[in-house]
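> This is a predicted model, with the sequence first.
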Amino acid sequence: MLNKENKSRCAFTLVETLVVVLISAMVVTATLMVYQRVRSVTVTIADTMGQHRLQNEILQKIAEDIDRLAAPGFEATVKFINRPVRGADNQMIPSAQLVLDNKYYGNNDKEDTYEEIIWQTAYDLNEGTMILYRMHDGLNVEDQLLESDAENPTVAGKYIPVAAGVTFFELRTQQGESVLSAWNSDKLPKAVRIGLSFAEPELLENGEVGVPSEEIVYRTVAIDRTRLIPYKFVKVDLDLGVLDDDEDDDPNGVSAASDDLMTDADEEIEDDEADIESEDR
């Protein structure tokens with residue numbers, strides 16, 4: 001009798017087995033739910049990153065062209081204009097042209113083009129879509145594959161299609177408190193804000209048909225990333241560590257430097273606005 005009781009105590013009852021199976025099933029179900037949620041979030045993030053990958057690559061290329069050509073101190077100009085085009089369904093599509101020009105003085109001090117790059121969009125009626133083009137011309141042309149034809153040693157100046165299906169391409173810059181949609185001055189703007197999208201236009205809240213703002217990828221490219229910081233040498237009593245009596249305040253202090261910078265910035269803005277007004281006249 002004792003042996004039978006010991007054997008029965010070492011075994012699991014049916015209820016205990018069912019409880020273990022139920023707990024195991026709950027653990028597996030919870031694990032699968034967490035896995036599915038993580039997988040869903042990962043797919044969403046990957047889709048979002050992939051959705052704007054082409055826009056980011058194009059904007060990076062435009063930014064590299066601006067950084068390389070529009071360096072302050074060189075004979076470089078940045079000019080752009082926004083010109084909406086009419087699509088096949090009479091819908092106005094934001095379109096623009098960006099011209100980067102770098103000059104040099106050759107023989108007889110004659111000004112000539114060292115390098116010129118143009119980014120612009122144009123609507124193709126045959127394809128029924130707007131295409132973004134890039135043109136690279138001048139002496140410094142890196143597109144060596146375009147010069148492989150022996151009969152045509154150079155085919156620079158041709159517009160190379162970069163991407164099709166563009167639904168939004170816009171350029172902006174800021175002058176003082178004004179946001180400009182065109183820049184035709186020989187002076188370089190402080191920065192250029194570029195917007196690009198391939199999303200399908202839809203009915204917006206204002207009743208117009210266009211690309212939603214959340215579907216547009218913007219990038220601001222600064223052109224003049226350096227600014228002069230005024231500095232004035234003053235006599236200091238090394239023993240006391242104070243200024244001489246002739247100097248009441250430190251001219252290199254924060255307040256003095258900020259005042260000088262604001263004054264220089266205001267004067268530069270006024271000069272640029274005067275130049276733009278004279279060009280418009």
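Noted; the coordinates are in hand. Treat the numbers as computed from the prediction; the structure is a model and nothing was measured.
> quick one: low-confidence parts of this structure?
Where the chain drops to pLDDT under 70, the residues are 1-10, 46-51, 71-74, 106, 140-157, 224-281.
> let's see 80
Scanning the chain for pLDDT under 80 picks out 1-12, 40, 42-52, 70-74, 88-90, 104-112, 139-157, 224-281.
> Could you point out the helix or strand that follows the longest helix belonging to the chain?
Determined from DSSP state H, the single longest helix within the chain is helix 14-51. Tracing the chain past helix 14-51, the next element assigned as helix or strand by DSSP states H and E is helix 53-69.
> ok, residue 196 - contacts?
55, 58-59, 132, 166, 168-169, 216-217 (C-beta atoms under 8 Å, 6 or more residues apart in numbering). To be clear about C-beta, it is placed using only N, CA and C from the backbone, and glycine gets the same treatment.
> excluding its backbone neighbours, what's nearest it?
residue 55 (4.8 Å; C-beta to C-beta, 6 or more residues apart in numbering).
> go on, residue 122?
Spatial nearest neighbour of residue 122, chain neighbours left out: residue 131 (6.1 Å); criterion: C-beta to C-beta, 6+ apart.
> what's the spacing between that neighbour and residue 21?
Residue 131 sits 63 Å away from residue 21, going by C-beta to C-beta, to the nearest Å.
> Between the two, which is the more surrounded one?
Of the pair residue 131 and residue 21, residue 131 is the one with more neighbours under other C-beta atoms under 10 Å, namely 17 against 10.
> Pretty sure the more buried one sits against residue 164.
Yes: between residue 131 and residue 164 there is a contact at 4.9 Å, judged by C-beta atoms under 8 Å.
> Need the overlap of contacts for those two.
Common neighbours of residue 131 and residue 164, using C-beta under 8 Å, 6+ apart, are residue 124.
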